[in-house]
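In: What follows is a protein structure lacking sequence information:
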């Protein structure tokens, strides 16, 4: 039987969330101006650490690695996670605030996630909930190997009974949280293929192996061949992002390089993909008489949201922010390394409305509506407290 624990009054949580929102918005602006690559978020970590210290919140640094975490209360049971890294994108000159690190931009909203998590930590420290809370500031969500995998290996979520995270959604109105039980994002693996041959003259293709033709066959047919090895009810995509080979129109080159990603929403299928792509590639290159090498980079599994965590968070957010604040969301084939935590602890990735009229995630035109930050603090705090109440 679940124990019944006293939760902080909703009006107290709302009042504190309002009080800390201005601090969080200013922090987000500062973080936005100092974007950093994956595994190198040292200034970002320092800025967050300073904000927490200024408000008397004790925390632990991963030094010399970037990232930090904090516990409110003893024996944390519920966690709230934010990510820190930016993307190698040049930010438009007319954005305000604008990145001061040339070639890098917070084009995925991780600056907003971090600011919201600081706000949630401040709320938790003030309302003193009945039950421990861990707030995690994770580096390298965009990288392989990912920061989540590292924190899992460090045991940071071993004792937790529930974990949630927000991800801003530029297509969803501010004041809404998109929820979905089950698969909400896809796996993401990468592959590099080199098609090899002896090379030759385009006037005498019969005397050599045409690796351009072999590469074209792989690009054209590999997605379908792999698809045939997967249950037809399971979504799966294999897409090439780069094809490079040859320098002259009258020379058959000795190699063509192909790069791409492969994704699915099903963990058993994700486990099969390396074998499926190896088998299909062997068959397709043999037809052309070409050799190949395959580098398959295991990335991240799909995010499979726990139904119980989704229901607890959705109910708490609805009660705190109004019945219209929670809406259904769609599944995306984009990847999120939050999935690594879910092999250890039940959790849910929720979409936070941040529509500003700007572009999509991972684009130079991406913008966050800052009104999402105060709402995110209130909704995030409510979700954490709602999960504690259900334990």
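Out: Here it is on my side, so go on. On a predicted model such as this, the values are computed, not experimentally measured, just so you know.
In: Dead centre of this structure: give me the residue that sits there.
Out: residue 336 (2.8 Å; Cα atoms, centre = their mean).
In: Please name the nearest non-neighbouring residue to that residue.
Out: What sits nearest to residue 336 in space, not counting adjacent residues and going by Cβ to Cβ, 6 or more residues apart in numbering, is residue 185, at 4.6 Å. All C-beta atoms are positioned from the backbone trio N, CA, C, and that covers glycine.
In: who's in contact with the one you found?
Out: Residue 185 makes contact with 302, 303, 331, 332, 333, 334, 335, 336, 339, 349, according to Cβ atoms under 8 Å, 6 or more residues apart in numbering.
In: For these, could you give me CSV that also reports pLDDT, distance to residue 375 and secondary structure?
Out: Output for the contacts of residue 185, formatted as CSV (pLDDT from 0 to 100; distance: Cβ to Cβ, whole Å; DSSP: H, G, I helix; E, B strand; the rest coil):
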residue, pLDDT, distance to residue 375, secondary structure
302, 98, 27, coil
303, 98, 22, strand
331, 97, 23, coil
332, 96, 21, strand
333, 96, 27, coil
334, 95, 23, coil
335, 96, 26, coil
336, 98, 21, coil
339, 98, 25, helix
349, 98, 17, strand
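In: mind listing what the host helix or strand of residue 80 pairs with, with the direction of each?
Out: Assigned by DSSP states H and E, residue 80 belongs to strand 76-83. When pairs are called by DSSP bridges, strand 76-83 turns out to pair with strand 132-138 (parallel), strand 162-169 (parallel).
In: May I see those strands organised as a markdown table, with distance to residue 216 added?
Out: Formatted as a markdown table, the strands paired with strand 76-83 follow (distance: least, Cβ to Cβ, whole Å):
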| stretch | distance to residue 216 |
| --- | --- |
| strand 132-138 | 41 |
| strand 162-169 | 37 |
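In: Between those, which one is closest to residue 359.
Out: strand 162-169 (12.6 Å; Cβ to Cβ).
In: What's the mean pLDDT across that closest one?
Out: Averaged over strand 162-169, pLDDT sits at 98.
In: thought residue 89 was touching residue 364?
Out: Yes: counting by Cβ atoms under 8 Å, residue 89 touches residue 364, with 5.3 Å between them.
In: out of those two, which sits in the more crowded spot?
Out: Using other Cβ atoms under 10 Å as the criterion, residue 89 and residue 364 rank with residue 89 on top: 19 against 14.
In: re earlier: mutual contacts of residue 89 and residue 364, please.
Out: 105, 107.
In: re earlier: thinking the residue nearest to the centre of the chain is in contact with residue 305, fair?
Out: No: Residue 336 is beyond contact range of residue 305, at 10.9 Å (criterion: Cβ under 8 Å).
In: any residues in contact with both of these two?
Out: Residues touching both residue 336 and residue 305 (Cβ under 8 Å, 6+ apart): residue 349.
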